[in-house]
Structures are given as structure tokens and as C-alpha cells.
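# here are the coordinates; sequence isn't available:
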């Protein structure tokens, strides 16, 4: 989602934001999105634990 789309969603009234959240949840429940949902949950835990990679670590892993 682009920054502009996020800004538009933020300007919607509560009822419309809830509709978007509802349909997003329906999409995420589809089997093709399960791996993505699992990855998002994993990343959230990593971020909570401050277990994130620095730019240098990423470049080093890529051998660049």
C-alpha cells in the first residue's frame, strides 16, 4: 500500500475504516495468504524483541 493510500484510509470515517479492516482480514484468511501472514507475525515478534537486521548485515549476507 502506498503512502498516499494510507493517508486516504486515515481520512475515512470510522465505519469505512472498519469495512476496509474487515475485508483485509477476509483476504488474509485465504489459504494463499497464510505464508504471508505467518511471515508478518514472525517479523512482528522479531521487531518486538529488537531482533532486526541492520543494513550492513543485509549487505554482508548478500556478499555485496
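Okay, I see it. Computed from a predicted structure; not experimentally measured. Residues are numbered from 1 along each chain as shown.
# Next, find the distance separating the residue nearest the centre of the chain from residue 33.
When C-alpha atoms, centre = their mean is applied to the chain, the residue found nearest the centroid is residue 40 (5.9 Å). According to C-beta to C-beta, to the nearest Å, residue 40 and residue 33 sit 10 Å apart. For every residue, glycine as well, the C-beta is placed using N, CA and C.
# what about the helices in this protein?
3-11, 14-29, 34-48, 55-61 (DSSP state H).
# Give me the contact list for the third one.
Helix 34-48 has contacts (C-beta atoms under 8 Å, 6 or more residues apart in numbering) with 28, 51-52.
# now the angle between helix 14-29 and it, please.
110 degrees (axes from the mean of the first three to the mean of the last three C-alpha atoms, to 10 degrees).
# pLDDT on helix 34-48, on average?
For helix 34-48, mean pLDDT rounds to 82.
# With the first one instead?
When the per-residue pLDDT values of helix 3-11 are averaged, the result is 87.
# got it, and the shortest one?
Rounded to a whole number, the mean pLDDT of helix 55-61 is 78.
# which secondary structure elements does that helix contact?
Using 3 or more C-beta pairs under 8 Å, 6 or more residues apart in numbering; DSSP states H and E as the contact test, no helix or strand touches helix 55-61.
# contacting residues around that helix?
Applying C-beta under 8 Å, 6+ apart, the external contacts of helix 55-61 come out as residue 53.
# And the second one, by the same measure?
If you take C-beta under 8 Å, 6+ apart as the criterion, helix 14-29 is touched by 9-10, 12, 33, 36-37.
# again, 6 Å this time
Outside helix 14-29, the residues that touch it by C-beta atoms under 6 Å, 6 or more residues apart in numbering are residue 37.
# Report the angle between it and helix 3-11.
Going by the same axes, to 10 degrees, helix 14-29 makes 130 degrees with helix 3-11.
# on that earlier part again, I'd like to know how far the residue nearest to the centre of the chain sits from residue 8.
The value you get for residue 40 to residue 8, if C-beta to C-beta is used, is 22 Å.
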